[in-house]
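Student: Need coordinates for the below:
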Amino acid sequence: MLNLAAIAPSLGFIVKLEELWPVLATTSIFVLIGLVVFAIAFLVVVLVSPFSVKKEIEEDQNTALAIIIGALIIGIAMIIAAAIQGN
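Tutor: Alright, predicted model coming up:
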């Protein structure tokens, strides 16, 4: 049987807690910023559209609108990811 505890230090699995806290804090901040940007982007789409987005997707089964909303979410996610990475 493989003893992971014996080989973990050589593979770099050991993480010191004092090194982990800044990463967790930064990740949490970026998650919150990303969620706020998502909410704002969706709110803008809902406010700008001349129809009820919820009614069109849920009741009228408007697949095209659902695809557009999904593309918007993916696009915003790509922009946020690039901003976080600094590219």
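
Student: Show me the strands in this structure, by range?
Tutor: In the chain, no segments count as strands under DSSP state E.

Student: mind listing the helices for it?
Tutor: 4-11, 17-48, 53-54, 63-85 (DSSP state H).

Student: Any chance of JSON lines for those, columns mean neighbour count and mean pLDDT?
Tutor: To be clear about C-beta, it is placed using only N, CA and C from the backbone, and glycine gets the same treatment. Formatted as JSON lines, the helices of the chain follow (neighbours: other CB atoms under 10 Å; pLDDT from 0 to 100):
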{"stretch": "helix 4-11", "mean neighbour count": "9", "mean pLDDT": "56"}
{"stretch": "helix 17-48", "mean neighbour count": "11", "mean pLDDT": "85"}
{"stretch": "helix 53-54", "mean neighbour count": "14", "mean pLDDT": "88"}
{"stretch": "helix 63-85", "mean neighbour count": "13", "mean pLDDT": "87"}
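
Student: so how far is Trp21 from Ile76?
Tutor: 28 Å (CB to CB, to the nearest Å).

Student: Check Leu72 too.
Tutor: 34 Å.

Student: now swap in Ile57 and tell me
Tutor: 41 Å.

Student: cool, Glu59 as well?
Tutor: 47 Å.

Student: Equivalent analysis for Phe30, please.
Tutor: 15 Å.

Student: Equivalent analysis for Ser49, please.
Tutor: For Ser49, the distance to Trp21 - CB to CB - is 42 Å.

Student: swap in Ser28?
Tutor: 11 Å.

Student: Next: Ile29.
Tutor: From Ile29 to Trp21 the distance is 13 Å (CB to CB).

Student: Need the overlap of contacts for the two.
Tutor: With contacts defined as CB atoms under 8 Å, 6 or more residues apart in numbering, no residue is shared by Ile29 and Trp21.

Student: residues contacting the residue lying closest to Val46 once chain neighbours are set aside?
Tutor: Using CB to CB, 6 or more residues apart in numbering and skipping residues adjacent in sequence, the residue nearest Val46 is Val53, 5.2 Å away. By CB under 8 Å, 6+ apart, Val53 lies in contact with 45-46, 65, 69.
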